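**Q** Structure, please.
(one chain, ligands or ions: 1)
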Amino acid sequence: MMIELIKCHGSGNDFLLIDEMDRDYGFTEERRAELAKQLCDRDSSLGADGILYILNSEKADGRMRVFNSDGSEASMCGNGLRCAGRYICEKLGLEEIIVETMKADLQVKKEEDIFPGIPTYLVGISPVSFQVRDLPLVIDQETLIQERLPQLNDELVFTAVAVPNPHLAAIVNDSQLDSSLQKELSEKVNGPNKLFPDGVNVSFIKVLGKNQIYVRTFERGVGFTNACGTAMSASSLVTCLIGENQAEENISVFNNGGMVRCVVHKYEDSYKIDLIGNATYLYKASIDTENGFVMEKEEYSEQELYRKLQEHAQSVLNK
Ligand SMILES: N[C@@H](CCC[C@H](N)C(=O)O)C(=O)O
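**A** Numbering: from 1, shown residues only. Predicted structure coming up:
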């Protein structure tokens, strides 16, 4: 079967976007998962962190389903939603839309360029829950907010939060960041384990200065990625909880693929986080799924400008 797709990225977190809005490929659930494993394989001709399936929605402007490269389906993807949102906005000729995702209908809005010439979108990350049952995290307490988790590690202070996909975040120092700790912990909680039976995205956060943080994430179903949008949103929230940053202020979040901006909104008994960043198209291609061969490929020229943002982000990180 021939499939048409767009390879795109948000902060270097890369995806294969497949439009099913006006084309019915007749995918079964098994086929979606198989395709994610086949096409995202870095040793294949494409390679990506996940697939974004774009579908019609009965209650929103479009629907996004995201599959990780291991074939598992995730409830949300912040970087992916910027790309999916851009695609649906441009297809419908709109600047602001609602996209149905597994657990919530979310706002996507075209924003002023985060860096000259870079298509930029805002996605509203919600709902946010600190209830451990929403991750799930199996411990004998209701929440884990800036606390130790001795069953996992004695050294770090963690926050567990669902946005709504599950995140475990810790603020770390340079030596913890440079060590193999994150890999070890992440592999533990993403293999067969009793604490996080469904796995969890694990982020290490470094505070760089006022309103500036660096976040590195080991993603459930993928491994280390250049960036994870929901993780950067969750991490921004964590830094607000501890008073390093403030709600309603712009937080620049640097990552290994570039940078985004987050704004934490605090309501009476809930939070929402705006995630603002690039939605960059690399190429469009037709794929023969029998053998994974790329039959036709047309490059976009957007990545060149994106490199300027990356150079800027790198210069901040090197300071
Ligand atoms: N890269 C994404 C998150 C993708 C899903 C995640 N790996 C999960 O399984 O929850 C993002 O940008 O948020």
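**Q** tell me which residues in the host helix or strand of F158 are buried?
**A** According to DSSP states H and E, F158 maps onto strand 153-162. If you call a residue buried by 16 or more other CB atoms under 10 Å, then strand 153-162 has these buried ones: 156-162. Every C-beta, even on glycine, is put in place using the N, C-alpha and C of the backbone.
**Q** cool, and stretch 2-22?
**A** Quick answer for stretch 2-22 (16+ other CB under 10 Å): 3, 5-20.
**Q** In helices, which of those appear?
**A** Nothing among the buried residues of stretch 2-22 maps onto helices, per DSSP state H.
**Q** Go back to the residues you listed and keep what's next to the ligand.
**A** Counting by CB under 6 Å from any ligand atom, N13 from the buried residues of stretch 2-22 sit close to the ligand.
**Q** on that earlier part again, which elements pack onto the strand holding F158?
**A** With contacts defined as 3 or more CB pairs under 8 Å, 6 or more residues apart in numbering; DSSP states H and E, the packing partners of strand 153-162 are strand 147-149, strand 166-171, helix 181-189, helix 229-241.
**Q** again, 7 Å this time
**A** Judged by 3 or more CB pairs under 7 Å, 6 or more residues apart in numbering; DSSP states H and E, the packing partners of strand 153-162 are strand 147-149, strand 166-171, helix 229-241.
**Q** The stretch 1-150 of the chain against the ligand: which residues are in contact?
**A** Taking CB under 6 Å from any ligand atom, the part of the stretch 1-150 of the chain that reaches the ligand is made up of 13, 66, 68, 74, 77-80.
**Q** and those as CSV, adding pLDDT, secondary structure and distance to G47?
**A** Shown next, in CSV, are those (pLDDT from 0 to 100; DSSP: H, G, I helix; E, B strand; the rest coil; distance: CB to CB, whole Å):
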residue, pLDDT, secondary structure, distance to G47
N13, 98, strand, 13
V66, 98, strand, 16
N68, 98, strand, 13
A74, 98, strand, 18
C77, 98, coil, 17
G78, 98, helix, 21
N79, 98, helix, 16
G80, 98, helix, 16
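**Q** what's the farthest-apart pair in those?
**A** N68 and G78 (13.8 Å; CB to CB).
**Q** mind checking the end-to-end distance for stretch 34-52?
**A** Stretch 34-52 has its terminal residues 14 Å apart, counting by CA to CA, to the nearest Å.
**Q** List the contacts of that stretch.
**A** Contact with stretch 34-52 is made by 7, 13-18, 64, 66-71, 77, 80, 83-84, 222, 225, 287, 289, 292-294, as judged by CB atoms under 7 Å, 6 or more residues apart in numbering.
**Q** Go through that stretch and flag the buried ones.
**A** 35-40, 44, 46, 48-52.
**Q** Out of these, which one has the lowest pLDDT?
**A** Lowest pLDDT among these: S44, with 91.
**Q** Can you tell me how far that one is from Y267?
**A** From S44 across to Y267, the span is 44 Å (CB to CB, to the nearest Å).
**Q** what's the answer for L317, then?
**A** To Y267, L317 is 33 Å away according to CB to CB.
**Q** again, but for T230
**A** The spacing between T230 and Y267, counted by CB to CB, is 19 Å.
**Q** Compare neighbour counts for these two and give me the winner.
**A** Using other CB atoms under 10 Å as the criterion, T230 and Y267 rank with T230 on top: 30 against 10.
**Q** and the residue nearest to the more buried one when sequence neighbours are not counted, how many neighbours does it have?
**A** Once flanking residues are discounted, T230 sits nearest to G78: 4.3 Å by CB to CB, 6 or more residues apart in numbering. Using other CB under 10 Å, G78 has 27 neighbouring residues.
**Q** With S233 instead?
**A** That count, for S233 with other CB under 10 Å as the rule, works out to 32.
**Q** In contact with it, which residues are there?
**A** Residues counted as contacts of S233 (CB under 7 Å, 6+ apart) are 78, 125, 163, 262, 273, 275.
**Q** okay, it: pLDDT?
**A** Predicted confidence (pLDDT) for S233: 98.
**Q** Same check on M1?
**A** Looking at M1, its pLDDT stands at 88.
**Q** Neighbours of it, how many?
**A** 11.
**Q** next one: P164
**A** A total of 21 residues lie near P164 under the criterion other CB under 10 Å.
**Q** Wait, a strand at it?
**A** No. When the secondary structure is assigned by DSSP: H, G, I helix; E, B strand; the rest coil, P164 falls in coil instead of a strand.
**Q** so what's it up against?
**A** P164 makes contact with 75-76, 103-104, 127, 129, 134, according to CB under 7 Å, 6+ apart.
**Q** and the buried residues of strand 153-162 as a markdown table, adding pLDDT and distance to Q141?
**A** Formatted as a markdown table, these follow (pLDDT from 0 to 100; distance: CB to CB, whole Å):
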| residue | pLDDT | distance to Q141 |
| --- | --- | --- |
| L156 | 98 | 17 |
| V157 | 98 | 15 |
| F158 | 98 | 12 |
| T159 | 98 | 13 |
| A160 | 98 | 10 |
| V161 | 98 | 14 |
| A162 | 98 | 15 |
